[in-house]
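# Fold the following and give me the result.
(one chain, ligands or ions: 2)
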Amino acid sequence: MFHLLFACVCLSSTHQSPITANAFASLSTTLPLAKHGHIFYPSALHSSNVIPDSKESLDTNPSTKFGSPLSDSVKDLNRFAIGFLKGNLFDNIFSGEDRAYARFYALETIARVPYFSYLSVLHLYETLGKWRKAKYLKLHFAESWNEMHHLLIMEELGGNERFSDRFVAQHVAFGYFALVCFLYVVNPVEAYNLNQEVEQHAFATYDEYLKENAEMLKTKPAPKTAIDYYIEGDMYMFDEFQTECEMRRPEIKNLYDVFVAIRDDEMAHVKTMERLQTELDYSSINDGECLVPDSQN
Ligand SMILES: [Fe+2]
Ligand SMILES: [Fe+2]
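Ligands and ions are numbered 1, 2, ... in the order given. Predicted coordinates for the structure are as follows:
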């Protein structure tokens, strides 16, 4: 069922553009295709020394530079697929009061995988000399670094104690990695849109848990991993995945604050995934391109 749903998503998202048919062929024959036809292909596959024609340079829609724009029906299908899988499979496997940390452990194991897929494909493009987008590598690594700390926090809380939970989460993650690699090669906008839905569900899951368990969480101490990451760690990597020019500095006094910080991180990922579907560039505080009030420096 999992693979069938994603196959549908994949086929629908690629049907609207010739990008799919040409994506792989373009790796070796990009220039002729661009010169002799009006076939669209992603700049991800361009040779860096290709001179853009005048039509391309006038095209200000960023999503046509690195992927193919999605129709509303494809976005709806992505939303349905993720909602269906989470509501009918994931939540059933990890249902029950005492299964919250296991559920979050599995969520973090699986939901961070797309960032590895993006990095892998971007590295492949660099190896082939077809794509130079170092900023994307930095951004997606910073996102994976953030998600890794979510996972470490869940492990410290005991979410990975059962072999069966580790087995399910890690095997799903393995298949998900390959699927997202494929989607990212075919159409990065599709891969980003799908992950936007996943991150949106992650945000909603944490938000619901916070509302239902606020008093209990406030009586418990923050895990050491959370203090190391949010308070005492090098905040460069933390700032690097905030693409809204937002200076976030979570206050961590107890376990409630930790879950608030994680929930807000998930929303930052949602915003980043949404932005990358329509804009090629972004700014982080570390770039010096954001206006940050002196009081926040
Ligand atoms: Fe996370
Ligand atoms: Fe996430």
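
# wait, what's in contact with the residue nearest to Trp145 when sequence neighbours are not counted?
Closest residue in space to Trp145, ignoring its immediate chain neighbours: Met237 at 4.9 Å, by CB to CB, 6 or more residues apart in numbering. Glycine gets a C-beta too; all of them are placed from N, C-alpha and C. By CB atoms under 8 Å, 6 or more residues apart in numbering, the residues touching Met237 are 142, 145-146.

# These in helices, which ones?
142, 145-146 (DSSP state H).

# interface residues of the chain facing ligand 2?
Counting by CB under 5 Å from the ion, the chain comes close to ligand 2 at 111, 199, 202, 266, 269.

# just checking, the second one touches Ala111?
Spelled out, that is Glu199. Yes: using CB atoms under 8 Å, Glu199 is in contact with Ala111, at 7.0 Å.

# mind listing what Leu122 touches?
131, 133, 136-137, 140.

# Redo the residues you listed as JSON lines? Include neighbour count and distance to Lys211.
Listed next are the contacts of Leu122 as JSON lines, based on neighbours: other CB atoms under 10 Å; distance: CB to CB, whole Å:
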{"residue": "Trp131", "neighbour count": "22", "distance to Lys211": "43"}
{"residue": "Lys133", "neighbour count": "16", "distance to Lys211": "39"}
{"residue": "Tyr136", "neighbour count": "21", "distance to Lys211": "35"}
{"residue": "Leu137", "neighbour count": "14", "distance to Lys211": "37"}
{"residue": "His140", "neighbour count": "22", "distance to Lys211": "31"}
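
# Among the contacts of Met237, which one sits closest to ligand 2?
Asn146 (7.8 Å; CB to the ion).

# where do the strands sit along this structure?
Taking DSSP state E as the criterion, the chain contains no strands.

# what's the weakest-modelled helix or strand in it?
When each helix and strand of the chain is scored by mean pLDDT, DSSP states H and E, helix 19-36 comes last, with a mean of 35.

# Look up the closest residue to the residue in the chain positioned nearest to ligand 1, ignoring the ones flanking it.
Nearest residue of the chain to ligand 1 (CB to the ion) works out as His150 at 3.6 Å. Once flanking residues are discounted, His150 sits nearest to Glu108: 4.6 Å by CB to CB, 6+ apart.

# swap in Asp265?
Asn146 (5.6 Å).

# for Leu255, same thing?
Nearest non-adjacent residue to Leu255 (CB to CB, 6+ apart): Lys220, at 4.0 Å.

# And the one you found, what's its pLDDT?
If you check Lys220, the pLDDT there is 97.

# Out of the contacts of Leu122, list just those in helices.
Those of the contacts of Leu122 lying in helices (DSSP H): 136-137, 140.

# ok, of the residues you listed, which one's closest to Thr127?
The nearest member of the ones in helices among the contacts of Leu122 to Thr127, counting by CB to CB, is Leu137 at 12.5 Å.

# Okay, the residue nearest to Trp145 and ligand 2: tell me how far apart.
Applying CB to the ion, to the nearest Å, the value for Met237 to ligand 2 is 15 Å.

# which ones among the contacts of Met237 come in contact with ligand 1?
Applying CB under 5 Å from the ion to the contacts of Met237, none is adjacent to ligand 1.
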